[in-house]
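J.: Sharing a sequence plus its predicted fold:
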Amino acid sequence: MEREVNEIAVGLDIGTTKIVAMVGKYNEYGKMEVLGIGKSKSLGVHRGVVNNITQTIQSIQQAIQEAESVSGLKINDVTVGIAGQHIRSLQHSDYITRPNADAVIDEDDIDKLCNQVHKLVMLPGEEILHVLPQEYKVDGQAEIKEPVGMYGGRLEANFHVVVGQVTSIRNIGRCVKSAGLELSDVTLEPLASANAVLSQEEKEAGVALIDIGGGTTDLAIFKDGIIRHTAVIPFGGNVITEDIKEGCSIIEKQAELLKIKFGSAWPGENKDNEIVSIPGLRGREPKEITLKNLSKIIHARVVEIVEQVFLEIKNYGHESPKKKLIAGIVLTGGGSQLNHLKQLVEYITGMDTRIGYPNEHLAGNSDSETTSPMYATAVGLVMDGLIHIKKQKKISKKEPVASVQPKRQPETAAIDDDITIEEEDPRVDLKPRKNILEKWTEKFKEFLDNAE
């Protein structure tokens, strides 16, 4: 790369319908500027899970090449998002008894507590992806957000634990490596989308983010600025297209176009005499479809998806006063662009709803394509990558030798000369939550290397 290398990050969103590679950097106002986007049709992914390695590698390479030619930069490593129907989450409480109650609680104690959670016994083939502390308790005193610096003998915490299938994650890692890229970081996609479209005020007030993708619908619930619940529902926009295809006896390409151009989630909108004509195959008679029927087909499936998501919101317990989601629901992802979806979600859930555009953190001159909800996850992944680079810079300035995990900077090759990298304790001026995530990424990379 010719430009200021350390300032640039790349997000790779491996979705069911499309694979997006986005290159971005911060401008002088601290907003994210998109330098280039590459996208390709995702052929080897089904419901967020890789089911054809060769095709996925080709799709990733195609997206990366397009992003490189648009941005004029060489891409070496990427921040990858993980989603898919195998992701589930659970709540867990754990505690440690400290040997010396007269010493203040430090990051070591929090690490020890989090590592203890990592040892939880999972179902065969599952692995813990994220351990996200909610609130802490010190000697029975509850609702402590940051226990570092306090005195206490017993440190307790509630955790939100995200779990996924080892093989599915490994396959994504394998595809990225085989496409000639390095993994600089791994993030849960609902968290990336949340970073891109939610404001801090919404996260504090309580909000449910629903990211409707092609293969899956991701849910992330925030309250008091902390992630409280995550879920992945194995239905998305593709199921709606499939229903139109079957219901109207047309091919998939036509069904997709119908959904985008004329689709509506609210059948009452269309009059009975509104008809769209679809050319027949190979000289056959054209088909005539009433828009009312089309929206009835869409409505039935969308209601099913929204009700499943609402069930997850109920499982979180949004009806109790302490867990109330004041900011309501934010819809994002490609599926959120369906006409009248906002009204339908409000009708089913009774909660305020808005469409989430990832423009809050983007530079003012960003084009309309970039600010589309379709790119929310990609924008979030680039932001994650940039935050990590910033953090590494701070660390390298603070100490002549940076205690950073290897291959953390998106362009290691260019900056290896002036930073000595040690594979020791990565605990320098980092928040405990990120610390755990980075450690997990480190373990994940080792895990991938050993699998070769």
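T.: Alright, I've got the coordinates. Numbers count the residues shown, from 1 in each chain.
J.: number of nearby residues for residue 249?
T.: 10 (other CB atoms under 10 Å). In this view, the C-beta of every residue, glycine as well, is placed from N, C-alpha and C.
J.: ok, it - contacts?
T.: Listed by CB atoms under 8 Å, 6 or more residues apart in numbering, the contact set of residue 249 reads residue 287.
J.: can you tell me how far the closest residue to residue 144 other than its chain neighbours sits from residue 185?
T.: The shortest distance from residue 144 to any non-neighbouring residue, by CB to CB, 6 or more residues apart in numbering, is to residue 136 (4.4 Å). According to CB to CB, to the nearest Å, residue 136 and residue 185 sit 26 Å apart.
J.: Assess the claim that residue 161 and residue 116 are in contact.
T.: No: at 11.8 Å, residue 161 does not count as touching residue 116 under the criterion of CB atoms under 8 Å.
J.: who has more neighbours, these two?
T.: Set residue 161 next to residue 116 and count neighbours by other CB under 10 Å: residue 161 wins out with 20 against 15.
J.: who touches the more buried one in this structure?
T.: 89-92, 117, 120, 128, 130-132.
J.: ok, 10 Å please
T.: 88-92, 94, 117-118, 120, 122, 128-132, 230 (CB atoms under 10 Å, 6 or more residues apart in numbering).
J.: Who wins on neighbours among the residues you listed?
T.: residue 230 (27 neighbours).
J.: That one belongs to a helix?
T.: No: if the criterion is DSSP: H, G, I helix; E, B strand; the rest coil, then residue 230 is strand and not within a helix.
J.: For residue 89, see how far away it is.
T.: In terms of CB to CB, residue 230 sits 5 Å off from residue 89.
J.: any residues in contact with both of the two?
T.: Joint contacts of residue 230 and residue 89 (CB under 10 Å, 6+ apart) are 129-130, 132, 160-162, 188, 190, 219-220, 312.
J.: Adding secondary structure, write the residues you listed out as CSV.
T.: Below are those laid out as CSV (three-state DSSP):
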residue, secondary structure
129, strand
130, strand
132, strand
160, strand
161, strand
162, strand
188, strand
190, helix
219, strand
220, strand
312, helix
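J.: Just the pLDDT at residue 337, thanks.
T.: Residue 337 is assigned 93 on the pLDDT scale.
J.: ok, it touching residue 213?
T.: No: at 12.0 Å, residue 337 does not count as touching residue 213 under the criterion of CB atoms under 10 Å.
J.: neighbour count winner among these two?
T.: residue 213 (30 against 17).
J.: can I assume that one is in contact with residue 375?
T.: No: counting by CB under 10 Å, residue 213 stays clear of residue 375, with 11.7 Å between them.
J.: which neighbours do the two share?
T.: 13, 18, 193, 332-334.
J.: Next up, phi/psi of the residue nearest to residue 144, please.
T.: phi -110, psi 160 (degrees, to the nearest 10).
J.: List the beta-bridge partners for it.
T.: residue 144, residue 157 (DSSP bridges).
J.: related to what we said a few turns ago, out of the shared contacts of residue 213 and residue 375, who's nearest residue 359?
T.: residue 332 (11.5 Å; CB to CB).
J.: check contacts around the closest one.
T.: 193-194, 196-198, 209-213, 218, 354-358, 372-377, 380.
J.: go with 8 Å
T.: Residue 332 neighbours (CB under 8 Å, 6+ apart): 193, 196-197, 209-212, 355-358, 373, 376.
J.: before we move on, what about residue 117?
T.: Contacts of residue 117 (CB under 8 Å, 6+ apart): 92, 94, 128, 131, 159, 161.
J.: if I've got this straight, it is in a helix?
T.: Yes: assessed by three-state DSSP, residue 117 belongs to a helix.
J.: Looking at it now. What's its pLDDT?
T.: Reported pLDDT for residue 117: 92.
J.: just residue 66 next, same as before
T.: The model's pLDDT for residue 66 equals 95.
J.: who's in contact with the helix or strand containing it?
T.: Using DSSP states H and E, residue 66 maps to helix 53-71. Contact with helix 53-71 is made by 10, 12, 14, 19-23, 35-45, 50, 74-75, 78, 171, 174-176, 178-181, as judged by CB under 8 Å, 6+ apart.
J.: any idea how far the residue nearest the centre of the chain lies from residue 19?
T.: Nearest to the geometric centre of the chain sits residue 189, at 1.3 Å (CA atoms, centre = their mean). Noted for residue 189: a distance of 13 Å to residue 19, by CB to CB.
J.: Name the residues contacting each of these two.
T.: residue 13.
J.: and the closest residue to residue 160 other than its chain neighbours, what pLDDT?
T.: Once flanking residues are discounted, residue 160 sits nearest to residue 132: 4.4 Å by CB to CB, 6+ apart. For residue 132, the pLDDT comes out at 87.
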